[in-house]
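J.: kindly return the folded structure for what I paste below:
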Amino acid sequence: MEDISLSAELGEIRYAIEGAHWIADSVAMGAVPDPERTHSAPVIISAILLLVETRLHQLGRVLRGEENPAHLLTPHNATAGEHANREDVVLRAWDWSGASRPSPSEKKETEQPGPAAGTESPDPLEESPPAQSGTQGAQPPPTGEPD
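T.: So this is what the prediction gives:
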């Protein structure tokens, strides 16, 4: 399987953003001769930006190890390992022949999140209010905020 060139992927994303910018500038300067194209420009720009946003989200998942880099492989970012630029970051598809890799959902189910750094209560007694007589084990009344 071919490898994925991160610089080629980011370059393609940059070209899409430049295209949206070019369309916006053309409309702003009145350089679009067809009024129908002028009216459709916001929809086209929105579609380009949605594709860019989705692709960046997917790229982030790959870089965090939550998604197989093979899902990014397209003709514009494909590179052979020996032909890759030494200064480029090359992403390789996961090898499924070895031990199975846990899915992100399986990993999250086994990990219990702790409090964010710096948010721990300095006094353990502050973490839970004292029980009131006659209400031991009772739940506090709902506050109207979703859990």
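
J.: could you use CA atoms for every contact and neighbour count after this?
T.: Noted.

J.: list the buried residues in the lengthiest helix in the chain.
T.: When secondary structure is assigned using DSSP state H, the longest helix within the chain turns out to be helix 35-63. Neighbour-count burial for helix 35-63 flags 38, 41, 45, 48-49, 52, 55, 58-59, 62 (criterion: 16 or more other CA atoms under 10 Å).

J.: give the next helix or strand downstream of that helix.
T.: Moving toward the C-terminus from helix 35-63, the next helix or strand (DSSP states H and E) is strand 78-79.

J.: describe which strands that next one pairs with in its sheet and in which direction.
T.: Strand 78-79 pairs in its sheet with strand 3-5 (antiparallel), by DSSP bridges.

J.: what's the partner strand in contact with?
T.: Here strand 3-5 makes contact (CA atoms under 8 Å, 6 or more residues apart in numbering) with 69-70, 72-73, 77-81, 84, 88-93.

J.: mark which of those residues are buried, thanks.
T.: When those are checked against 16+ other CA under 10 Å, the ones flagged as buried are 69-70, 72-73, 77-79, 81, 90-93.

J.: doesn't P69 make contact with A93?
T.: Yes - here A93 reaches P69: they are 5.0 Å apart, a contact under CA atoms under 8 Å.

J.: so which of the buried ones among the contacts of strand 3-5 is the closest to Y15?
T.: Comparing those against Y15 with CA to CA places N77 closest, at 13.2 Å.

J.: that closest one: what's it in contact with?
T.: 4-9.

J.: go again using 10 Å as the cut-off
T.: Under the criterion of CA atoms under 10 Å, 6 or more residues apart in numbering, the neighbours of N77 are 2-12, 90.

J.: any low-confidence regions in the protein?
T.: 1, 81-85, 96-147 (pLDDT under 70).

J.: rerun that using 50 as the cut-off
T.: In the predicted model, the chain carries pLDDT under 50 at residues 110-112, 114-115, 119-121, 124-139, 147.

J.: no more questions from me, cheers.
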